[in-house]
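In: Sharing a sequence plus its predicted fold:
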Amino acid sequence: MPRRPKPSPRLWTVNQIIAFNVGKARMLRGWTQEEAVQALAPYLGTKLSTASFSAIERSIDTGRVREFNGDELLAFARGFRVPITWFFTPPSVWEGVGVSTPDAGDDGLDPLVMLHAVLGTPETLAEYRAYLLSWPDPRHRLRIRPDGTKENLGRVSEDVHPMLDDLLRLRAQKQLRDRFGGVDEARDVLRALTAVLDELDDPSFEEPPEDEPPTKRRRGDASAPKPSS
């Protein structure tokens, strides 16, 4: 019987993924389209029509794909109160959506590749941390006392590079979920592995000779099988 060809995934451009996530952000906030338009207006510097906002959400299913610029993405992040990375997060692989990029071919790019670009990898995050370390905010608050002396009240803002720690933690949590199901499941695996290692480290455990079946023996156990001569 001939094998059926593997169905091709739906392919979305990055702009379509952004549009999809604009809709998800609106639903996250529980807003109507008109409420979303009102929330975004101060940050966009203009008020979208409800029809224009609707066209953004519908551009994943129509031939007219909305293209976004950096100013709009910053406004979306501020208006919906989510990080910009929210809008670049591809749909789960369970959605059957591939990412359309110039180098992806007919099957599209695996969404996980785009997620690595969004969340970073150990290599790229190390370089990003180094970049953030070059971006300190040296400003401090000062109080001038009546005698003219100054009191340092601390930094205006905290260092920005610790923000990356949350991203690293998020990535680690995702890896745990993908491989074990979650933190609790990972703990169960570690407990089981610890029990096995403790048993192997038991000083009364005796390794059988190479020509003997791997039966557990304990020293002084007369009932244990003896190696053949």
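Out: Arrived safely.
In: rest of the way, CA atoms for contacts and neighbours
Out: Fine.
In: Report how many residues lie close to Glu67.
Out: 14 (other Cα atoms under 10 Å).
In: Would you check that it makes contact with Thr13?
Out: No: at 9.9 Å, Glu67 does not count as touching Thr13 under the criterion of Cα atoms under 8 Å.
In: Now do the strands in the chain.
Out: 10-12, 97-99, 140-144, 150-155, 205-206, 217-218 (DSSP state E).
In: Now do the domain split for this structure, please.
Out: According to automatic domain parsing, the chain comprises the domains 10-118, 163-204.
In: Quick one: mean pLDDT for the first one?
Out: Going back to what we said before, that points to domain 10-118. Here domain 10-118 scores 93 as its mean pLDDT.
In: what distance separates the start and the end of it?
Out: In domain 10-118, first residue to last residue: 21 Å (Cα to Cα, to the nearest Å).
In: which residues of this protein fall in helices?
Out: For the chain, helices defined by DSSP state H occupy the ranges 14-29, 33-44, 50-58, 70-80, 111-119, 122-133, 163-180, 183-200.
In: most packed of these?
Out: Comparing the helices of the chain by mean neighbour count (mean count of other Cα atoms under 10 Å), helix 14-29 ranks first with a mean of 20.
In: what angle sits between that one and helix 50-58?
Out: 110 degrees (axes from the mean of the first three to the mean of the last three Cα atoms, to 10 degrees).
In: So what touches helix 14-29?
Out: 32-33, 36, 56-60, 65-68, 76, 80, 82, 86-91, 99-101 (Cα atoms under 8 Å, 6 or more residues apart in numbering).
In: for the helices of the chain, which one sits closest to Arg145?
Out: helix 122-133 (33.2 Å; Cα to Cα).
In: pLDDT of that closest one, averaged?
Out: 81.
In: what helices or strands is it leaning on?
Out: Contact partners of helix 122-133 among helices and strands, from 3 or more Cα pairs under 8 Å, 6 or more residues apart in numbering; DSSP states H and E: none.
In: Helix 111-119 and that one, what's the angle between them?
Out: 20 degrees.
In: Based on its surroundings, how many neighbours for the residue lying closest to Ile144 once chain neighbours are set aside?
Out: Leaving aside its chain neighbours, Ile144 sits nearest to Lys150 (4.5 Å; criterion: Cα to Cα, 6 or more residues apart in numbering). By other Cα under 10 Å, the residues close to Lys150 number 12.
In: Can you give me the pLDDT of Lys150?
Out: 75.
In: From Pro102, how far out is it?
Out: Taken as Cα to Cα, the span from Lys150 to Pro102 is 58 Å.
In: Also Ala19?
Out: 19 Å.
In: if we can go back for a sec, quick one: the domains of the chain as a markdown table, columns for distance to Ser134 too.
Out: Converted to a markdown table, these look like this (distance: least, Cα to Cα, whole Å):
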| stretch | distance to Ser134 |
| --- | --- |
| domain 10-118 | 21 |
| domain 163-204 | 14 |
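In: Quick check: which of those domains is nearest to Ala126?
Out: Once these are compared by Cα to Cα, domain 163-204 is nearest, at 9.7 Å.
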